[in-house]
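Q: Using only what follows, build the 3D model:
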Amino acid sequence: MTKLSQLPILNQNEFHYLIDTDEYDLHPDSNEDSLIVYEFTSNLLDISKELILNNIPFSHHISEDVNLSYLIIDMS
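A: All right, here's what the predicted structure looks like:
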């Protein structure tokens with residue numbers, strides 16, 4: 001399991017635990033340890049590259065309500 005401290009780009013950006021957000025109800029299949037990163041606070045492209053290089057599963061979503069993009073990162 002990769003630790004958050006091993007992901008410098010993600011750590012330089014703002015992230016939240018999915019369980020603490022409104023989007024948690026939209027993703028019931030996500031793990032409780034999942035993180036969420038929003039496009040309005042972070043560079044999703046740079047974070048995506050880092051996740052891919054470290055073989056960390058994630059998914060990209062677009063909120064229909066506000067037309068904003070976000071990543072859900074499975075840290076389990």
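Q: Next one, pLDDT for Met75 please.
A: Predicted confidence (pLDDT) for Met75: 88.
Q: and the gap between it and Leu35?
A: Going from Met75 to Leu35 by CB to CB, to the nearest Å gives 6 Å. Any C-beta I mention is one placed from the backbone N, CA and C, and that applies to glycine too.
Q: neighbours of Glu14, just the number please.
A: Using other CB atoms under 10 Å, Glu14 has 10 other residues around it.
Q: ok so, going back, okay, Met75 and Leu35: which has more neighbours?
A: When neighbours are counted by other CB under 10 Å, Met75 and Leu35 differ, and Leu35 comes out ahead with 24 against 20.
Q: What values do phi and psi take at the more buried one?
A: Main-chain dihedrals, Leu35, degrees, to the nearest 10: phi -110, psi 160.
Q: what bridges to it?
A: Tyr17, Ile73 (DSSP bridges).
Q: pLDDT score assigned to it?
A: Per-residue confidence for Leu35 comes out at a pLDDT of 96.
Q: OK, contacts around it?
A: 10, 15-18, 72-73, 75 (CB atoms under 8 Å, 6 or more residues apart in numbering).
Q: Narrow the residues you listed to just the buried residues.
A: Buried subset of these (neighbour count, 16 or more other CB atoms under 10 Å): 10, 15-16, 18, 72-73, 75.
Q: what's the distance between the residue in the chain sticking out farthest from the centre and Pro28?
A: Relative to the C-alpha centroid of the chain, counting by CA atoms, centre = their mean, Asp65 is the outermost residue, at 18.5 Å. For Asp65, the distance to Pro28 equals 18 Å [CB to CB].
Q: What of Asn11?
A: 27 Å.
Q: Same drill for these two, tell me which one is more crowded.
A: Using other CB under 10 Å as the criterion, Asn11 and Pro28 rank with Asn11 on top: 11 against 6.
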